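1. Here is my input; please provide its structure:
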Amino acid sequence: PNVIGAIALAASMRKLSQIGMGTIAAHEAELTAYTLSKMNQIPEIKIYGSNDPHRLADRLGVITFEIDGLPHGKVAAILSFEGGIAVRDGCFCAHPYVLELLGISQDEFAVYKQEAIAHNRSRLPGMVRASFGCYNTIEEVDQFIEMLNRIVSGDFIGDYVVNHSNGSYTPQNFSNQIFNNYFRF
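-> Here you go, the predicted structure:
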């Protein structure tokens, strides 16, 4: 039995009850509204779902987006390697829905499918998704927005290359020294 998991789950449930789900929902709504208002100022970003920071009843604290001209995997890698920001990219186990949102035809999908079967996942369609937790802060959102602006302007350090077999991106010139000098931890 997963005793440690059961203990962790009980502790998490107790903490969430102490904080209160209403408090958590209000915090998530505040972060979502703030983030949407900032992302709406970056024309190269397309937000999927409502991008109206005043219509929060229509959405959760999850923002799915893409940046014009950049693969979703590259955006996610830059956010991770250079910003220390964890996001998810791809189709989020909702392939038919994401493909429809992206306007991918069945013929286009067939091409991507054949490429994937041939062990080339470098062009698979997808999006980037940022999600909030009760622990996130406005300052972290500001860092996220700063990184998005840097990505849009091409102001990132890494020379990102794609691994064709799995579609992931990594900076070719990655070294701890480069990133430690840049962020001055």
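
2. where does this protein have low pLDDT?
-> 174-185 (pLDDT under 70).

3. for this structure, what spans make up the helices?
-> 3-19, 21-39, 72-83, 95-101, 106-117, 138-153, 176-183 (DSSP state H).

4. what's the most buried one of those?
-> Stretch with highest mean neighbour count among the helices of the chain: helix 72-83 (a mean of 22; mean count of other Cβ atoms under 10 Å). For glycine as for every other residue, the C-beta is placed from the backbone atoms N, C-alpha and C.

5. Packing partners of it?
-> Helix 72-83 sits against strand 62-67, strand 88-90, strand 127-131, helix 138-153, strand 160-162, strand 169-171, helix 176-183, with contacts defined as 3 or more Cβ pairs under 8 Å, 6 or more residues apart in numbering; DSSP states H and E.

6. With distance to residue 79 added, can I get the ones you listed in a markdown table?
-> Formatted as a markdown table, the helices and strands packed on helix 72-83 follow (distance: least, Cβ to Cβ, whole Å):
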| stretch | distance to residue 79 |
| --- | --- |
| strand 62-67 | 10 |
| strand 88-90 | 9 |
| strand 127-131 | 8 |
| helix 138-153 | 6 |
| strand 160-162 | 11 |
| strand 169-171 | 11 |
| helix 176-183 | 13 |
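
7. Which of these sits closest to residue 9?
-> strand 127-131 (19.7 Å; Cβ to Cβ).

8. what angle sits between that closest one and helix 72-83?
-> 40 degrees (axes from the mean of the first three to the mean of the last three Cα atoms, to 10 degrees).

9. Spatially, and excluding backbone neighbours, which residue is closest to residue 50.
-> Using Cβ to Cβ, 6 or more residues apart in numbering and skipping the chain neighbours, the partner closest in space to residue 50 is residue 58 (4.7 Å).
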